[in-house]
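S.K.: Below: sequence and its predicted model.
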Amino acid sequence: MATDTVSSASAACGDLLTDVRHASPLVQCITNFVAMNYAANVLLAAGASPAMVHAPEEAGEFARLAGAVTINIGTPSSEWLEGMLAAAKAATDAGRPWILDPVAHFATAYRRKAIKELLALHPAVIRGNASEIMALAGQVSAGRGVDAGDSVEQAQAAATSLARSSHAVVAVTGAVDFVTDGSHAVHIRGGSTWMPQVTAMGCALTGLIGAFAAVHPQDSFLATISALACFSVAGEHAEAQSSGPGSFAYRFIDALAALDAQTLRAQARIVIA
Ligand SMILES: Nc1ncnc2c1ncn2[C@@H]1O[C@H](COP(=O)(O)OP(=O)(O)OP(=O)(O)O)[C@@H](O)[C@H]1O
Ligand SMILES: Cc1ncsc1CCO
Ligand SMILES: [Mg+2]
């Protein structure tokens with residue numbers, strides 16, 4: 001990250017949001033059936049151009065056109081996994097960033113095999129909840145399904161070790177997010193307690209990291225922090241307008257669409273960890 005202070009990190013996040021809105025990067029999202037519509041709307045609200053392209057016949061070809069690829073294993077099948085592997089390989093070969101969301105990768109033998117194959121294809125960023133990141137680093141976690149059973153604080157050492165072994169930026173999301181490249185780390189505060197009550201918020205965030213990585217591929221750490229900061233600030237704005245998880249889900253899209261660089265710079269709460 002070309003920043004040494006928290007305020008310059010916030011300033012850089014604002015610049016990257018402006019870049020996303022100006023460049024409208026094409027982001028190939030291979031995500032789960034639950035998340036597809038919400039994630040696409042989140043990317044549009046941020047100014048990006050999402051494309052949900054997963055068929056094995058075209059996923060690799062499309063990845064060469066996209067600014068970034070995001071891969072989420074939430075509802076896998078053999079056909080989808082073939083598309084994921086083709087897209088990840090094409091992105092890596094083309095020098096484009098791809099982002100991995102290891103949903104419940106510990107739950108079944110099938111998912112464990114899938115995540116191993118994907119990890120070998122060098123994601124630029126891995127984003128998951130605390131249980132997913134702990135299990136990915138080989139630690140015992142309390143996770144059972146797609147929701148976290150552990151706190152972000154419990155997952156921080158695992159995230160650092162995973163970042164060092166995979167050479168990826170690792171983001172652990174939860175009440176306070178933690179992002180590390182293995183040498184540097186930040187916490188991002190904010191968001192809303194409604195966020196874990198709306199399914200696919202994390203999956204949509206993974207897509208948004210793809211949008212920021214597409215406009216700033218030289219610095220996946222800053223790109224990841226910027227996407228997470230947008231979610232935190234938009235989450236706070238949406239909560240002020242919401243009366244429950246249903247209204248929060250659509251208010252969040254509105255808040256993200258209304259978020260400008262100046263507000264992000266002023267309100268992002270990024271602290272060096
Ligand atoms: N208790 C909380 N308070 C504030 N923000 C939260 C809280 N829990 C999660 N978030 C925010 O919600 C977003 C999604 O993160 P989360 O860790 O819930 O993803 P996830 O478990 O992968 O979600 P899903 O699998 O449903 O897509 C992040 O922006 C995170 O900061
Ligand atoms: C609920 C659910 N099941 C598989 S993926 C998903 C979306 C949240 O990860
Ligand atoms: Mg998730």
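M.R.: Received, thanks. Ligands and ions are numbered 1, 2, ... in the order given.
S.K.: hey, let's count contacts and neighbours off CA atoms from now on
M.R.: Will do.
S.K.: now stretch 12-21: mean pLDDT?
M.R.: For stretch 12-21, the mean pLDDT works out to 98.
S.K.: the strands in this protein, which residues?
M.R.: Here the chain has its strands, by DSSP state E, at 26-30, 49-51, 68-72, 98-101, 125-129, 169-173, 177-180, 185-189, 269-272.
S.K.: can you give me the helices in the protein?
M.R.: Ranges of helices within the chain are 6-23, 36-46, 59-63, 78-93, 109-119, 130-136, 152-166, 201-215, 220-241, 245-258, 261-267, based on DSSP state H.
S.K.: Turn these into JSON lines, including distance to ligand 2 and mean neighbour count.
M.R.: Compiled in JSON lines, those are given as follows (distance: least, CA to the nearest ligand atom, whole Å; neighbours: other CA atoms under 10 Å):
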{"stretch": "helix 6-23", "distance to ligand 2": "25", "mean neighbour count": "20"}
{"stretch": "helix 36-46", "distance to ligand 2": "9", "mean neighbour count": "21"}
{"stretch": "helix 59-63", "distance to ligand 2": "20", "mean neighbour count": "22"}
{"stretch": "helix 78-93", "distance to ligand 2": "14", "mean neighbour count": "22"}
{"stretch": "helix 109-119", "distance to ligand 2": "12", "mean neighbour count": "16"}
{"stretch": "helix 130-136", "distance to ligand 2": "11", "mean neighbour count": "28"}
{"stretch": "helix 152-166", "distance to ligand 2": "17", "mean neighbour count": "20"}
{"stretch": "helix 201-215", "distance to ligand 2": "6", "mean neighbour count": "29"}
{"stretch": "helix 220-241", "distance to ligand 2": "16", "mean neighbour count": "25"}
{"stretch": "helix 245-258", "distance to ligand 2": "14", "mean neighbour count": "19"}
{"stretch": "helix 261-267", "distance to ligand 2": "26", "mean neighbour count": "18"}
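S.K.: hang on, the earlier thing: out of the strands of the chain, which one sits most buried?
M.R.: strand 68-72 (a mean of 31; mean count of other CA atoms under 10 Å).
S.K.: does any part of that strand sit near ligand 1?
M.R.: No - among the residues of strand 68-72, none lie within reach of ligand 1 under CA under 6 Å from any ligand atom; the closest is 9.5 Å away.
S.K.: what helices or strands is that strand leaning on?
M.R.: With contacts taken as 3 or more CA pairs under 8 Å, 6 or more residues apart in numbering; DSSP states H and E, strand 68-72 sits against strand 26-30, helix 78-93, strand 98-101, helix 201-215.
S.K.: tell me, what residue is most central in this structure?
M.R.: With distances taken as CA atoms, centre = their mean, Thr206 lies nearest the centre of the chain, 2.3 Å away.
S.K.: I'd guessed it sits against Val125; true?
M.R.: No - Thr206 is beyond contact range of Val125, at 9.1 Å (criterion: CA atoms under 8 Å).
S.K.: So what's the residue count around the residue in the stretch 51-200 of the chain that ligand 2 sits nearest to?
M.R.: For the stretch 51-200 of the chain and ligand 2, the shortest gap (CA to the nearest ligand atom) falls at Gly74, measuring 3.7 Å. Look at Gly74: counted by other CA atoms under 10 Å, it has 22 neighbours.
S.K.: got a pLDDT number for it?
M.R.: Predicted confidence (pLDDT) for Gly74: 98.
S.K.: which residues touch it?
M.R.: 31-33, 102-104, 146 (CA atoms under 8 Å, 6 or more residues apart in numbering).
S.K.: just those residues now: which is nearest Ile115?
M.R.: Nearest to Ile115 among the contacts of Gly74 is Pro102, at 6.8 Å by CA to CA.
S.K.: who's in contact with the closest one?
M.R.: 72-74, 115, 126-128, 132.
S.K.: Could you rerun that using 10 Å?
M.R.: Neighbouring residues of Pro102 by CA atoms under 10 Å, 6 or more residues apart in numbering: 71-74, 111-112, 114-115, 118-119, 126-129, 132-133, 135-136, 146, 203.
S.K.: Could you check how far Met195 is from Met84?
M.R.: From Met195 across to Met84, the span is 27 Å (CA to CA, to the nearest Å).
S.K.: burial of Gly138, as a residue count?
M.R.: Gly138, neighbours per other CA under 10 Å, totals 12.
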